[in-house]
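*Asks:* any chance you could fold what I've pasted below:
(one chain, ligands or ions: 1)
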Amino acid sequence: MVDTFPVRGVSTAVGFRPLVVESAFVAVAARTDLAFQQCIDPACRATFSVDEVLTACPSCGNLLDVEYDWDRLRPPTSFEFFERKWMRRSDPLAFSGVWRFHELLPFAPRESVVTIGEGQTQCPPSDGVANYVGVNAGRLFLQYEGLNPSGSFKDNGMSAGARRAACASTGNTSASLAVYCAVTRLMKAIIFIGSGKISYGKLSQALDYGALTIQIAGDFDDAMARVKEVSGKMGIYLVNSVNPFRLEGQKTIMLRVLESLGWEVPDWIVVPGGNLGNSSAFGKAFAELRKLGLIDRVPRLAIINAAGANTLYELYHRRGLRWDGGRADLAPACHYYDELDRDQKRAHTIASAIEINRPVNLNKCLRALEVCDGVVREVSEQEILDAKAQVGAGGLGCEPASAASVAGARQLVAEGVIGRDERVVCILTGHQLKDPTATVAYHTTDQKLFDEVLGSRGVSRANFANRAVSVGNRLDEIVQAIDLYS
Ligand code: F0G
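*Replies:* Sure thing, here's the model as predicted:
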């Protein structure tokens with residue numbers, strides 16, 4: 001079996017497409033390319049070359065997918081093909097947790113992709129978290145994306161290659177883009193962040209890796225709108241998850257989950273929802289795997305919003321918005337966004353990574369919810385922080401946004417939606433060190449710090465706090481404290 005594909009165009013890492021912008025955006029009815037971009041709207045279905053730099057369909061404005069002519073590409077018919085790559089780990093592309101699945105995202109030739117060792121992540125069971133969530137021992141797994149080079153799942157889809165690349169970010173996209181730019185030296189990273197909205201762990205990465213950091217007076221939703229405007233105007237390559245190539249890389253998170261479970265499909269995937277790129281990518285991955293005959297069923301998908309940034313929950317759960325085979329009536333979304341403007345309502349959560357009110361991948365996410373018979377829930381700040389402490393106590397520390405998945409799973413078990421014996425995978429999207437402020441404030445003995453960081457957000461208690469013990473600088477006091485507390 002060959003593992004290269006003669007796909008047109010040149011590319012580097014997953015999200016990157018070369019800047020070939022001169023072509024008119026002409027849709028053709030039937031493409032002969034092995035990989036191409038296609039509008040997700042069934043009523044439009046316009047297609048475009050993978051060489052075109054697009055973040056929306058030029059015909060109708062909807063989102064784009066990367067699609068493949070699978071009949072001609074003939075991808076592997078069994079997962080064993082990928083397992084065999086483990087024996088070739090000295091080949092960086094076989095080592096990469098993204099590119100070892102190249103045959104399932106074959107939009108670029110092998111020789112033109114870049115890797116910095118992303119995707120070396122794992123999905124161990126956690127009985128401590130299982131107990132907290134309420135499922136039986138051995139049934140809960142944590143897909144730990146904090147192990148990526150930049151400390152979050154973003155590396156699965158990040159890019160390198162154009163002269164300048166930009167993103168708006170709540171922190172992790174910018175850290176990931178900055179790392180790829182710094183390592184490959186192929187382009188300059190330009191990042192847009194909202195003021196005071198990004199945790200120090202993430203900001204420090206962007207600054208350290210040399211990204212041009214533009215802090216705008218506004219929040220993520222403002223930064224997102226501006227970066228689209230600016231990148232269009234200045235011809236800068238945009239790497240937010242409206243870039244369909246990025247989501248191709250994020251599909252591999254699900255491939256690694258399956259790999260960890262011996263290629264068995266779990267019952268549930270539980271993921272935090274922010275800009276809704278992950279959930280969209282996961283739905284696409286499972287739809288494709290089923291179509292290719294690599295799996296015979298898809299897991300159910302639970303997407304968890306923070307209650308202070310709950311657009312998807314509001315629209316899907318409360319206002320009945322559905323993909324409906326692609327015929328979604330988006331009027332409820334438009335009304336909701338008008339209401340947000342009218343009431344000047346801003347996203348507000350300690351889970352700053354998902355502090356987003358206008359998720360750019362909403363439509364694709366609705367499709368994923370349909371494919372995976374999904375559910376959407378919202379969780380409070382208290383639930384997020386308690387769940388985070390439980391994850392940390394098990395040794396795989398995560399940032400607040402990631403813990404929303406565990407808090408959501410717990411809620412769904414309490415409701416009886418997730419059965420106690422079902423196999424559940426919670427996605428831990430980012431590393432614990434991304435946001436030390438939230439962690440320290442939770443465990444602190446300093447009431448003022450607690451009130452400032454958490455109390456102000458409605459967190460009343462740190463139910464699982466591990467408080468530092470203060471002692472004098474005296475041997476006997478120290479020995480006494482250790483005897484007392486250990
Ligand atoms: N978890 C973490 C740690 C994130 O950084 C993000 C998104 C999400 C979850 C939400 O994922 O957008 O696929 O629903 N962070 C983006 C950023 C917005 O700019 O770093 P999603």
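
*Asks:* can you give me the strands in the stretch 251-400 of the chain?
*Replies:* 268-272, 300-306, 375-379 (DSSP state E, counting those that start in this stretch).

*Asks:* packing partners of the first one?
*Replies:* Contacts of strand 268-272 with other secondary structure elements, assessed using 3 or more Cβ pairs under 8 Å, 6 or more residues apart in numbering; DSSP states H and E, are made with helix 277-291, strand 300-306, helix 400-415, strand 424-428. Backbone N, C-alpha and C define where each C-beta goes, glycine included.

*Asks:* CA atoms only: put that strand into PDB for me.
*Replies:* Extracted as PDB, the C-alpha positions of strand 268-272 are listed here (Å, rounded to 0.1, in the frame of the first residue of the first chain):
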ATOM      1  CA  TRP A 268     -19.800   9.000  23.900                       C
ATOM      2  CA  ILE A 269     -17.300  11.700  22.900                       C
ATOM      3  CA  VAL A 270     -17.700  14.700  25.200                       C
ATOM      4  CA  VAL A 271     -16.000  17.900  24.100                       C
ATOM      5  CA  PRO A 272     -16.000  21.600  25.200                       C
END
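
*Asks:* quick one: low-confidence parts of this protein?
*Replies:* Along the chain, the parts satisfying pLDDT under 70 run over 1-31, 159-162.

*Asks:* what parts of the protein come near the ligand?
*Replies:* Residues of the chain lying near the ligand by Cβ under 6 Å from any ligand atom: 152, 154, 169-173, 272-278, 353-354, 399, 401-402, 429-430.

*Asks:* buried members of those residues into PyMOL, please.
*Replies:* Per 16 or more other Cβ atoms under 10 Å, the buried members of those correspond to this PyMOL selection:
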select buried, resi 152+154+169+170+171+172+173+272+273+274+275+276+277+278+353+354+399+401+402+429+430
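
*Asks:* quick revisit: which one of the helices and strands packed on strand 268-272 lies nearest to Ser260?
*Replies:* strand 424-428 (8.6 Å; Cβ to Cβ).

*Asks:* what distance separates the helix or strand just after that closest one from the centre of its chain?
*Replies:* Sequence order places helix 436-443 as the next helix or strand after strand 424-428, per DSSP states H and E. Offset of helix 436-443 from its chain centre (Cα atoms, centre = their mean, to the nearest Å): 23 Å.

*Asks:* just the buried positions in helix 436-443, please.
*Replies:* Neighbour-count burial for helix 436-443 flags 437-439, 441-443 (criterion: 16+ other Cβ under 10 Å).

*Asks:* which one of those is nearest to the ligand?
*Replies:* Ala438 (12.1 Å; Cβ to the nearest ligand atom).

*Asks:* residues contacting that closest one?
*Replies:* Going by Cβ atoms under 8 Å, 6 or more residues apart in numbering, Ala438 touches 199, 350, 385, 388, 399-400, 453-454.

*Asks:* returning to that earlier point: so which of the strands of the stretch 251-400 of the chain is the most packed in?
*Replies:* Neighbour counts (mean count of other Cβ atoms under 10 Å) averaged over each of the strands of the stretch 251-400 of the chain peak at strand 268-272, with a mean of 30.

*Asks:* and the angle for it with helix 277-291?
*Replies:* 160 degrees (axes from the mean of the first three to the mean of the last three Cα atoms, to 10 degrees).

*Asks:* ok and strand 268-272 relative to strand 375-379, angle-wise?
*Replies:* Going by the same axes, to 10 degrees, strand 268-272 makes 40 degrees with strand 375-379.

*Asks:* any idea of the angle strand 268-272 forms with helix 400-415?
*Replies:* 140 degrees.

*Asks:* and strand 268-272, which strands flank it?
*Replies:* Partners of strand 268-272 in the sheet, by DSSP bridges, are strand 300-306 (parallel), strand 424-428 (parallel).

*Asks:* let me have those strands in a markdown table, extended by distance to Leu142.
*Replies:* Formatted as a markdown table, the strands paired with strand 268-272 follow (distance: least, Cβ to Cβ, whole Å):
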| stretch | distance to Leu142 |
| --- | --- |
| strand 300-306 | 14 |
| strand 424-428 | 5 |
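
*Asks:* quick one: closest of these to Asn131.
*Replies:* Minimum separation from Asn131 across the strands paired with strand 268-272 (Cβ to Cβ) falls at strand 424-428, 12.7 Å.

*Asks:* other residues contacting the closest one?
*Replies:* With Cβ under 8 Å, 6+ apart, strand 424-428 has contacts from 123, 129, 133, 135, 139-146, 153, 253, 257, 261, 266-272, 278, 299, 391, 396, 398, 402-403, 405-406, 409, 418.

*Asks:* show me which of those are buried.
*Replies:* 123, 129, 133, 135, 139-146, 153, 253, 257, 266-272, 278, 299, 391, 396, 398, 402-403, 405-406, 409, 418.

*Asks:* re earlier: scan the contacts of Ala438 and report the most crowded one.
*Replies:* Neighbour counts for the contacts of Ala438 (other Cβ atoms under 10 Å) peak at Glu399, which has 33 neighbours.
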